[in-house]
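J.: task: produce atomic coordinates for the following.
(chains A and B)
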There are 2 protein chains.
Amino acid sequence: MDDIVSPVAVIDEDKCRRNIRQMIKKAREAHISFRPHFKTHQSHAIGRWFREAGTEKIAVSSVSMAEYFAQDNWQDIMIAFPVNVRETNRINELASRLQLSILISDADIPGKLEEKLVNHIDFYLKIDVGSHRTGFDPNDKTLIEKTLQKATQNPHLRFKGFVAHAGHTYHITSLNDVQRIFIKGSELLTGLAEYFRKDYPGIIVSWGDTPSCSLMNEFPGIDEIRPGNFIFYDLMQYHLASCDWDHIAMVVATPVVARHKQRNEIVLYGGAVHLSKDFIEMDDKTVFGEVVKFVDKGWEPFPKPLYVNRLSQEHGIFHCPDEYWEEFSPGTLVGIVPVHSCLAADLLKNYYEISEGVFLDA
Amino acid sequence: MDDIVSPVAVIDEDKCRRNIRQMIKKAREAHISFRPHFKTHQSHAIGRWFREAGTEKIAVSSVSMAEYFAQDNWQDIMIAFPVNVRETNRINELASRLQLSILISDADIPGKLEEKLVNHIDFYLKIDVGSHRTGFDPNDKTLIEKTLQKATQNPHLRFKGFVAHAGHTYHITSLNDVQRIFIKGSELLTGLAEYFRKDYPGIIVSWGDTPSCSLMNEFPGIDEIRPGNFIFYDLMQYHLASCDWDHIAMVVATPVVARHKQRNEIVLYGGAVHLSKDFIEMDDKTVFGEVVKFVDKGWEPFPKPLYVNRLSQEHGIFHCPDEYWEEFSPGTLVGIVPVHSCLAADLLKNYYEISEGVFLDA
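T.: Numbers count the residues shown, from 1 in each chain, chains lettered A, B, ... in the order given. Model prediction:
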């Protein structure tokens, strides 16, 4: 790994491909379709691993990400973020060359899109299944009905169904809680779809979030899943028990730049601009990532786990007990399992594949 | 501002230039030199505003940033981050074409650099003046002496002095505390320089951090200041009282994508990938930024301040009382004063100058 001189996302292609295969298998066995969220990796090269496994449709979280994947010939893209009406020109351009779908999360949007669209676009209504981030209240059928009526008057808009993202599964700590959130949310969503199918036959229900897609095996009433994070997983997912340690497919490589024995601290070239400031709390301590050791074509945790517990713009700091002290010296390359791999990947942009020992192209 | 369709850093050139002039004036009046930290803006265009005001030497926080500014012909660059020995080849290349200085923060570094350097490089020892992030303990003169002896045996290394960054000024809340931190830290640092000047005449003392450079007027014993954040300031600095509201020279423009009246919440296209997850606590609430209104060639706060209090990868959410509700609808461009402008600028990369209404080149 001598080629790695500064922070980079190190991934294990076999683990990524296995994570992809397992999620595809799960979707297939549940007879639902699979629209992986590509915001996690934002990479043509990794996108092709999905394509090779049979994936044809994807979700992204911005117009620019849709443009990026359109360049690699993805033909069915959902921008899984409430539509930004300031980007109508770019949306029209994308819709001219691929099957584009957008999300509507506010009743005023259909009016704002009036006479703005020039090509056919599919749309979904975003439904709030309990995370209260955004989306229509599933109990407010009147507002949903009114919004649909207005939207479907637009000759360029076609109603495809309802989407939900149970973001609140990221804040729980047990499998039971994930099940509870999934069952409650999916019942709301499928009930809503049932109600509207009399007027809009054929509409589908699409469900996101890696914890529930990872932990559930049955998805009654759901037609499509859109997990993203599962390609890499991360420390947050591991602590939610969404994945085993061995499913974690990405770590951030960071060089040691200083050791301070008087307080047993080691300073890494790896900070907020590489890992993001996302953290989890463990035993009342703030954790920005777990330190791992690079071994032959892989990495492994320390028997007594080491955590990055301070982070500034470029510095990461971890406390290192005496027994591991000699494992590190200036220049040692250390892996960090990030708390949130999507944000770390967004910051780092490029990937080093550890089995082959090569940087990925894009 | 119709050209702005997605999140971008909006800056006010007049305010930036005034912030630059004021810091230069302060340094001049204190008879110390000025080496601004360019990690905050990372922009050739903004760097030229400094050059036009007379700046000739700069600090950056990575080798790649040094390479970037070398492209715009900066000839005296300090990489103000503990030297990463894995990047020796790139450091040698840079040192072949400009006056480069590096930081040494670990006694093992001189040994690691032995026979690795091929061009003349200045070095500073990083001293820990109390933030305990990194640096030599100023009381451990033996270790400092030993490190200097080893380093100065290297014919390519020339000792220039001591640097400190009082990062702990970012965690305090009163002018008195900043003064106390500055006085204590600078006395340690200048005492150390005094001691070593008998063997290393001409060495200098360089001091960083925006709060103390903003709030102090006298810098006894200090030869150089290296503030960075002051070009834009931000919500954290405003709440530390490092700056007045009117000094804040950057906000992040974010479009409204949804309103949810049932909980008086407004959803912005502007999240962790635009603002970073840095936050401050205000009245026991987590704050990721302050919402401002764009007005003719500028922005202004709401009389009752509005704060972004939830943030995910692309979504920012703020609570909006009824009295301001009609100011916002999908597509409205909203400004956010970021908590930490350095991280937001690092994420956004590009700038829109609000008086002229143009995007900056680089």
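J.: so what's A:Glu290 bridging to?
T.: In this entry, A:Glu290 is beta-bridged to A:Tyr307, A:Val337, by DSSP bridges.
J.: show me what contacts it?
T.: By C-beta atoms under 8 Å, 6 or more residues apart in numbering or on different chains, A:Glu290 lies in contact with A:Leu235, A:Pro301, A:Pro305, A:Leu306, A:Tyr307, A:Val308, A:Ile336, A:Val337. Yep, even glycine has a C-beta here, placed from its N, CA and C like the rest.
J.: could the residues you listed go into CSV alongside neighbour count?
T.: Putting the contacts of A:Glu290 into CSV (neighbours: other C-beta atoms under 10 Å in any protein chain shown) gives the following:
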residue, neighbour count
A:Leu235, 25
A:Pro301, 15
A:Pro305, 12
A:Leu306, 23
A:Tyr307, 20
A:Val308, 30
A:Ile336, 28
A:Val337, 27
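J.: what does the stretch 101-250 of chain A have sitting close to chain B?
T.: Proximity of the stretch 101-250 of chain A to chain B (C-beta under 8 Å from any C-beta of the partner chain) is limited to residues A:105-106, A:108-109, A:112, A:126, A:128, A:132-135, A:137, A:140, A:167.
J.: now A:Gln237, nearest residue through space, not along the chain?
T.: Closest residue to A:Gln237 apart from its sequence neighbours, by C-beta to C-beta, 6 or more residues apart in numbering or on different chains: A:Cys243 at 5.1 Å.
J.: revised request: answer the last question for A:Lys39.
T.: Counting by C-beta to C-beta, 6+ apart, the residue nearest A:Lys39 is A:Ser61, at 4.2 Å.
J.: domain boundaries for chain A, per the record?
T.: Chain A breaks down by automatic domain parsing into domains covering A:13-232, A:245-359.
J.: output those in CSV; the columns should cover mean pLDDT.
T.: Output for the domains of chain A, formatted as CSV (pLDDT from 0 to 100):
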stretch, mean pLDDT
domain A:13-232, 95
domain A:245-359, 96
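J.: and those domains as TSV, adding distance to B:Ser206?
T.: Putting the domains of chain A into TSV (distance: least, C-beta to C-beta, whole Å) gives the following:
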stretch	distance to B:Ser206
domain A:13-232	38
domain A:245-359	18
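J.: still on that earlier bit, ok, the residue nearest to A:Gln237 - contacts?
T.: Counting by C-beta under 8 Å, 6+ apart, A:Cys243 touches A:Ser214, A:Phe230, A:Tyr233, A:Gln237.
J.: ok so, going back, the residue nearest to A:Lys39 reaches A:His37, doesn't it?
T.: Yes. Between A:Ser61 and A:His37 there is a contact under C-beta atoms under 8 Å: 7.3 Å.
J.: got any residues that touch both of the two?
T.: A:Ala80.
J.: partner strands of the strand or helix carrying A:Ala253, parallel or antiparallel?
T.: Using DSSP states H and E, A:Ala253 falls within strand A:250-260. Note on strand A:250-260: by DSSP bridges, its sheet partners are strand A:8-11 (antiparallel), strand A:265-269 (antiparallel), strand A:333-338 (antiparallel).
J.: which pair in the contacts of A:Glu290 spans the largest distance?
T.: Spanning the widest gap among those are A:Pro301 and A:Val308, at 13.1 Å by C-beta to C-beta.
J.: is the helix or strand containing A:Asn92 positioned near chain B?
T.: Per DSSP H and E, A:Asn92 falls inside helix A:88-95. Yes. Helix A:88-95 lies within reach of chain B by C-beta under 8 Å from any C-beta, at A:Asn89, A:Arg90.
J.: who touches that helix?
T.: Helix A:88-95 has contacts (C-beta under 8 Å, 6+ apart) with A:63, A:66-67, A:70, A:77, A:79, A:83, A:100, A:102, A:113, A:116-121, B:5.
J.: buried residues in that helix, which are they?
T.: By neighbour count with 16 or more other C-beta atoms under 10 Å in any protein chain shown, helix A:88-95 contains the buried residues A:Thr88, A:Arg90, A:Ile91, A:Asn92, A:Glu93, A:Leu94, A:Ala95.
J.: from A:Pro201, how far out is the first one?
T.: Between A:Thr88 and A:Pro201 the distance, using C-beta to C-beta, to the nearest Å, works out to 29 Å.
J.: my guess is A:Val257 meets A:Gly270, correct?
T.: No. Look at A:Val257 against A:Gly270 with C-beta under 8 Å: they stay out of range, at 9.3 Å.
J.: what's the PyMOL line that selects buried ones from the contacts of helix A:88-95?
T.: Per 16+ other C-beta under 10 Å, the buried members of the contacts of helix A:88-95 correspond to this PyMOL selection:
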select buried, (chain A and resi 63+66+70+77+79+83+100+102+113+117+121) or (chain B and resi 5)
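J.: now the residue located most distally from the centre of chain A: how far from A:Ile102?
T.: Within chain A, A:Gln262 marks the point farthest from the mean C-alpha position, 39.8 Å out by C-alpha atoms, centre = their mean. Using C-beta to C-beta, A:Gln262 is found at 56 Å from A:Ile102.
J.: hmm, back to that, ok, the residue nearest to A:Lys39 - contacts?
T.: So A:Ser61 contacts A:His37, A:Lys39, A:Ile79, A:Ala80, A:Phe81, B:Gln313, B:Glu314 (C-beta under 8 Å, 6+ apart).
J.: out of the residues you listed, which is most surrounded?
T.: Taking other C-beta atoms under 10 Å in any protein chain shown as the neighbour criterion, A:Ala80 ranks highest of the contacts of A:Ser61 with 28 neighbours.
J.: what sits closest to that residue if chain neighbours are left out?
T.: Leaving aside its sequence neighbours, A:Ala80 sits nearest to A:Ala59 (C-beta to C-beta, 6+ apart; 4.1 Å).
J.: who's in contact with that neighbour?
T.: Contacts of A:Ala59 (C-beta under 8 Å, 6+ apart): A:Arg35, A:Pro36, A:His37, A:Phe38, A:Lys39, A:Ile77, A:Met78, A:Ile79, A:Ala80, A:Gly208, A:Arg226, A:Gly228.
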